[in-house]
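> 3D, please:
(chains A and B)
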Protein chains: 2
Amino acid sequence: MLVFLNGRFVPEEQAVVSVFDRGFLYGDGLFETLRVFNGKPFRWKQHLERLQRGAEFLKITLPFAAEALRAFAGELIVKNQMPDSLLRLTLSRGVGVRGYSPQGAEHPALVMSLHPSPGAPASGPAPPGRFRRHAGSETGAPQAWKLITSSFRLPAGEPLAQFKTCCKLPQILARAEADAAGADEALLLNTGGFVVEAAGSNLFWIEGGAVCTPSLASGVLPGVTRAAVLEICRSLGFRCRESGVTSEKLKRSEGIFLSLSSWGVVAAKSLDGEALKQSPLIGQLRLAYRDLVRSETA
Amino acid sequence: MLVFLNGRFVPEEQAVVSVFDRGFLYGDGLFETLRVFNGKPFRWKQHLERLQRGAEFLKITLPFAAEALRAFAGELIVKNQMPDSLLRLTLSRGVGVRGYSPQGAEHPALVMSLHPSPGAPASGPAPPGRFRRHAGSETGAPQAWKLITSSFRLPAGEPLAQFKTCCKLPQILARAEADAAGADEALLLNTGGFVVEAAGSNLFWIEGGAVCTPSLASGVLPGVTRAAVLEICRSLGFRCRESGVTSEKLKRSEGIFLSLSSWGVVAAKSLDGEALKQSPLIGQLRLAYRDLVRSETA
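Alright, predicted model coming up:
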């Protein structure tokens, strides 16, 4: 496997950074995970825009223009023969002086690597229309996930929540709690007591026939898949709502699903051991999202 | 400069980790910074105990016993001829599978490196007693620091605050705010609105002649220097109190100081541009701390 490292394609075992890289020392960086399908990273532009907003916030200069990076990503996919995969892009502040001050770190590190895809959109030709209503029956759907509510909380109302930073210990420990409970994913509350997202995915639920999700203002990572799901809802005429939510309210909803780049739309079957309703809207959104990936990467 | 990397001493430029190391990907690790004086790491035991508590919490197995690590640290100091320095110790979870789940990461990385000391305790023989009252006048004191209150907040009441994790972006951005304001250090509030600590140091203030500091329960990193300062206060018969504090209360106090491994006790001269009172207790504590370092490393 070849890895893109600061402008070069290097074998995996040579893809290394200094132990003085601030990404390693302090989590001082950002990343993106993109679904690659048919040789193309899905929603590259949206992922890069989020990365660029984060880099501006952290005052890290992207060492390559977005177009050059897109070309390198394409080259990486071809070289590794992985047209159906996940692309991880990491931007770190690089090596600086000792201590928290970012002054003097002038050479950011940029890494791209490919990973096996966990959930391939069903094969076959791309669908004719961009958005299509589905009957809700499908084959090859991923198994619905078991969820738990994590004991770790995210700070409410913090600007850093908008960016996909490399400081992910709350998410890691939440996911470890899920692993320990035999669950697939963990929901995280903010310090205000509202559920904001899952460790590695955004949260949606169905209520009164409307597709609901926590608002970005509550400290939610603005997921690229989250935005695509909202776009699909609007196109298909589904009602959408952004609001605060508690675990108890989620358990009484008509269904919960998660959105994430790797798997797309995934239904939840239980939360903290309680079985959840399965709104037919969820299956429809899953198929519509699959269609969107296939159509945009056709 | 030689760096200790997973059991070997390697030249600085060969001290590298994989771009798939979870420390680099997610800040999935812990670190300690120790003052080395007279060739000895000050309060090694206390730093290692904090590291071990953190490793237990994160479920990372330390790849070396504490005694072996102490011997390696001593060897590193001798090899680099840096008896008066700072020692950074980093423990990362190492390489695992893609995603947040820590499952499958079985080979943690352990790195130790030395860095120039910013503030040497005054030279000369160690003082006769372990704790000595000082008159409060001294030469060679570091300049008092300008402080600002950061706009970034830490989650209140979160268990992760007890450990020195590698997820330090709030601290980095707080310190960047201080840099931008021409200040030396930034105070951080928790999401409950109380000041809990500074970006890279613990906070103390003097009130009614008592030495005060935020309680650990408010989400404070249990600093090794913080503990040493409280120990000195008790030994010298100074009154101590742990309590919540706001920026406004700090500005009306009899003085503020910070504690950190690198510099020891440092007085603050201003907060958000307002001049602070200079309690004579601060200079006494600074000298007593300096004596403690010299006596324990003699």
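> so what's residue A:239 up against?
With contacts defined as C-beta atoms under 8 Å, 6 or more residues apart in numbering or on different chains, residue A:239 is in contact with A:209-211, A:233. No exception for glycine: its C-beta is placed from N, CA and C like everyone else's.
> For chain B, see how far away it is.
32 Å (C-beta to the nearest C-beta, to the nearest Å).
> So what does that residue look like in phi/psi?
Main-chain torsions, residue A:239, degrees, to the nearest 10: phi -80, psi 140.
> Quick check, the residue in the stretch 151-298 of chain A closest to chain B?
For the stretch 151-298 of chain A, the residue closest to chain B is residue A:167, as judged by C-beta to the nearest C-beta, at 3.5 Å.
> Show the contacting residues for residue A:116.
Neighbour list for residue A:116: A:82, A:85-86 [criterion: C-beta under 8 Å, 6+ apart].
> Intersect those with the contacts of chain B.
Among the contacts of residue A:116, the residues lying close to chain B (C-beta under 8 Å from any C-beta of the partner chain) are residue A:86.
> Could you count how many residues lie near residue A:56?
Neighbours of residue A:56 under the rule other C-beta atoms under 10 Å in any protein chain shown: 12.
> Check the secondary structure at it for me.
Three-state call for residue A:56 (DSSP: H, G, I helix; E, B strand; the rest coil): helix.
> just checking, the residue of the stretch 151-298 of chain A closest to chain B touches residue B:27?
Yes: counting by C-beta atoms under 8 Å, residue B:27 is a contact partner of residue A:167 at 4.6 Å.
> shared neighbours of those two, anything?
Here residue A:167 and residue B:27 have A:27, B:167-168 as joint contacts, going by C-beta under 8 Å, 6+ apart.
> Considering the residues you listed, which is situated nearest to residue A:245?
Minimum distance to residue A:245 across those is 25.8 Å, recorded for residue B:167 (C-beta to C-beta).
> three-state assignment of that closest one?
Following three-state DSSP, the label given to residue B:167 is coil.
> which ones are touching it?
Going by C-beta under 8 Å, 6+ apart, the list of residues near residue B:167 reads A:26-27, A:167-169, B:27, B:160.
> Dihedrals phi and psi, the residue of chain A found nearest chain B?
Of all residues in chain A, residue A:27 sits closest to chain B, at 2.6 Å by C-beta to the nearest C-beta. Main-chain dihedrals, residue A:27, degrees, to the nearest 10: phi 70, psi 30.
> what's the burial count for it?
27.
> Also residue A:188?
Residue A:188 is flanked by 23 other residues according to other C-beta under 10 Å.
> just to revisit the earlier point, contacting residues for the residue of chain A closest to chain B?
Under the criterion of C-beta under 8 Å, 6+ apart, the neighbours of residue A:27 are A:165-168, B:26-27, B:166-169.
> just to revisit the earlier point, of the shared contacts of residue A:167 and residue B:27, just say which sits nearest to residue A:152.
Taking C-beta to C-beta as the measure, residue B:167 is the one of the shared contacts of residue A:167 and residue B:27 closest to residue A:152, at 11.9 Å.
> partner strands of the strand or helix carrying residue A:267, parallel or antiparallel?
Element membership for residue A:267, per DSSP states H and E: strand A:264-271. Strand pairing for strand A:264-271, using DSSP bridges, gives strand A:145-154 (parallel), strand A:255-260 (antiparallel), strand A:274-275 (antiparallel).
> residues making contact with the last one?
It refers to strand A:274-275. With C-beta under 8 Å, 6+ apart, strand A:274-275 has contacts from A:251, A:269.
> Do a quick rundown of the helices in chain A.
Using DSSP state H, the helices of chain A run over residues A:22-26, A:44-58, A:66-80, A:169-180, A:224-236, A:247-251, A:280-296.
> Can you give me the separation between the spatially closest residue to residue A:189 that is not a sequence neighbour and residue A:196?
Spatial nearest neighbour of residue A:189, chain neighbours left out: residue A:153 (5.0 Å); criterion: C-beta to C-beta, 6 or more residues apart in numbering or on different chains. Relative to residue A:196, residue A:153 is positioned 9 Å away (C-beta to C-beta, to the nearest Å).
> So for these two, which residues contact both of them?
With C-beta under 8 Å, 6+ apart as the test, residue A:153 and residue A:196 both reach A:188-190.
> Which of the residues you listed fall in strands?
Under the assignment DSSP state E, the shared contacts of residue A:153 and residue A:196 contribute A:188-190 to strands.
> returning to what we had before: could you export the strands paired with strand A:264-271 as a markdown table, including mean neighbour count?
As requested, those are exported to a markdown table (neighbours: other C-beta atoms under 10 Å in any protein chain shown):
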| stretch | mean neighbour count |
| --- | --- |
| strand A:145-154 | 22 |
| strand A:255-260 | 26 |
| strand A:274-275 | 10 |
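> So for residue A:98, which of these sits nearest?
For residue A:98, the closest of the strands paired with strand A:264-271 is strand A:145-154, at 28.8 Å, according to C-beta to C-beta.
> hey, what's the residue nearest to residue A:285 when sequence neighbours are not counted bridged with?
Nearest-residue entry for residue A:285: residue A:265, 5.1 Å, with adjacent residues in sequence omitted and distances by C-beta to C-beta, 6+ apart. Taking DSSP bridges as the rule, residue A:265 bridges to residue A:259.
> and residue A:265, how many residues sit next to it?
Residues near residue A:265, counting by other C-beta under 10 Å, number 25.
> And for residue A:240?
Residue A:240 sits with 15 neighbouring residues when counted by other C-beta under 10 Å.
> That one against residue A:210, yeah?
Yes: Residue A:240 is in contact with residue A:210 according to C-beta under 8 Å; the separation is 6.5 Å.
> follow-up on the earlier one: wait, which of the shared contacts of residue A:167 and residue B:27 is closest to residue B:31?
Residue B:31 lies nearest to residue B:168 out of these, by C-beta to C-beta, at 8.9 Å.
> Can you tell me the closest non-neighbouring residue to that closest one?
residue A:26 (4.0 Å).
> check contacts around that neighbour.
A:100, B:27, B:166-169, B:171-172.
> Which ones among the contacts of residue A:116 map onto strands?
Those of the contacts of residue A:116 mapping onto strands are A:85-86, per DSSP E.
> So which of the contacts of residue A:116 wins on neighbours?
Of the contacts of residue A:116, with other C-beta under 10 Å as the count, residue A:85 tops at 24 neighbours.
> measure the residue of chain A closest to chain B to residue B:165 for me?
Remark: distance between residue A:27 and residue B:165 (C-beta to C-beta) = 8 Å.
> Could you do residue A:275 as well?
Counting by C-beta to C-beta, the gap from residue A:275 to residue B:165 is 36 Å.
> likewise residue A:44?
Per C-beta to C-beta, residue A:44 is found 32 Å from residue B:165.
> How many neighbouring residues does residue A:295 have?
Neighbours around residue A:295, by other C-beta under 10 Å: 15.
> Could I get the pLDDT score of it?
On pLDDT, residue A:295 comes in at 97.
> what's the answer for residue A:124, then?
Residue A:124 is given a pLDDT of 46.
> just residue A:42 next, same as before
pLDDT at residue A:42 comes out at 98.
> Quick check: it vs residue A:87, distance?
On the measure of C-beta to C-beta, residue A:42 and residue A:87 end up 9 Å apart.
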